[in-house]
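In: Compute the structure for the input listed below.
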Amino acid sequence: MLKASGIKAQPAWIKRGVFAPTLLIPGIKAPNHAIVWAEVNGKTWWLDPTNPVFTPGRTMSDLQERWVFVADETGQVKQETIPAETPDVNQKVTREERFSDGTKAQVELNLELANDPLMQLSKDDQHYGKFSVDKELCSQFAKESQDCEIKRAETAFVMPEHYKMTATLTDLAALQKVSDQYIYHRSSDKLTAIWKMFSAYRREGNLADVFIGDPQTILLETTLSGGNISKQPLHCEIRSPWFDIDMKSEPSKDDSYHYSYKKVEKVRWLTHDEINSGEFKDLIDKSVDCFEKLRLNVQLTKK
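Out: Residues are numbered from 1 along each chain as shown. Coordinates of the predicted model:
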């Protein structure tokens, strides 16, 4: 079909899945899947017609970092390598929280997805239905979500370069009440879940390598208001072979408080030896410490 459309394309054979073992002996029993090599505007595309979603120019996660056999016009087969994708910005979140009553906050959120997270959203819409997916999204947007309303377009087979959605909701547990004080603390949510997972891995003596997904960049901008927040500016900058993390926070002149968070995930896999290394422990400790410092005392604004 591609050739009939004037696009240069050839059949290819591959080991599909999260992990493809190193090819020891080329042969017809090594691959388990057929895909298509295509040249589009001078660039190589690896196309899998069996996948339920498609982002132009993006290789699906289950085809990256592995060998592949490609046939030429004469029927000769050569071995090539499909690289991992680059850590593009796959998730960008702008979030405003206004503290209103006790531990509650009114939340307005803008979310922009691309690449693998967007393809996963489309697959979930197909499998579970948009209503169920939106309920799950609402549970991720707050510790205790109420009156959550999401506005987004229908997903389709072909994904756009960027996909936007908005959400409004009430977070019933935006603040923790400790004695007569209210505390804002991000250490208990999914931003820190990955470090808790790796700490448990080391503590429990796990042995397996860990797949963490496509390389990606996650951006978060949060503004807090509705209370007097007194806190010195915070700046965390963490560099490692696996993750780069930057977090900055500062009070604003209008009594609001703003912080930004950026995480670059640079690899798809972490080996057992890497996770148990001293350098990785240092990464965990610095990341946890960064979030521990983002603990804010909030004096609610009297109505």
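
In: pLDDT weak spots in the stretch 151-300 of the chain?
Out: Within the stretch 151-300 of the chain, the ranges that satisfy pLDDT under 70 run 187-189.

In: Sketch out the strands for it, chain order is fine.
Out: Shown for the stretch 151-300 of the chain, the strands assigned by DSSP state E, counting those that start in this stretch span residues 163-171, 176-178, 181-185, 210-211, 216-225, 227-229, 234-239, 243-251, 257-265, 269-270, 295-300.

In: Partner strands of the fourth one, with direction?
Out: Going back to what we said before, that points to strand 210-211. According to DSSP bridges, strand 210-211 has the following sheet partners: strand 269-270 (antiparallel).

In: Now do the partner strand: everything it contacts.
Out: For strand 269-270, the surrounding residues in contact (CB atoms under 8 Å, 6 or more residues apart in numbering) are 19, 209-212, 242, 280. From N, CA and C alone the C-beta is placed, and that goes for glycine too.

In: one step back: ok, which of the strands of the stretch 151-300 of the chain comes nearest residue 98?
Out: strand 216-225 (4.9 Å; CB to CB).

In: Show me which residues of that closest one are buried.
Out: Buried residues in strand 216-225, counted by 16 or more other CB atoms under 10 Å: 216-220, 222-225.

In: List only those of the contacts of strand 269-270 flagged as buried.
Out: Among the contacts of strand 269-270, those classed as buried by 16+ other CB under 10 Å are 212, 242, 280.

In: Which of these fall within helices?
Out: Among the buried ones among the contacts of strand 269-270, the ones falling in helices (DSSP state H) are residue 280.

In: As a markdown table, the buried ones among the contacts of strand 269-270 with distance to residue 272 would be great.
Out: Compiled in a markdown table, these are given as follows (distance: CB to CB, whole Å):
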| residue | distance to residue 272 |
| --- | --- |
| 212 | 14 |
| 242 | 14 |
| 280 | 11 |
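
In: Out of the buried ones among the contacts of strand 269-270, flag the one nearest to residue 95.
Out: Distance to residue 95, by CB to CB, is smallest for residue 212 among the buried ones among the contacts of strand 269-270, at 23.6 Å.

In: on that earlier part again, residue 102: which of the buried ones among the contacts of strand 269-270 is nearest?
Out: The closest of the buried ones among the contacts of strand 269-270, once distances to residue 102 are taken by CB to CB, is residue 212, at 37.2 Å.

In: JSON lines for the contacts of strand 269-270, including distance to residue 70?
Out: Compiled in JSON lines, those are given as follows (distance: CB to CB, whole Å):
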{"residue": "19", "distance to residue 70": "21"}
{"residue": "209", "distance to residue 70": "28"}
{"residue": "210", "distance to residue 70": "31"}
{"residue": "211", "distance to residue 70": "25"}
{"residue": "212", "distance to residue 70": "28"}
{"residue": "242", "distance to residue 70": "31"}
{"residue": "280", "distance to residue 70": "37"}
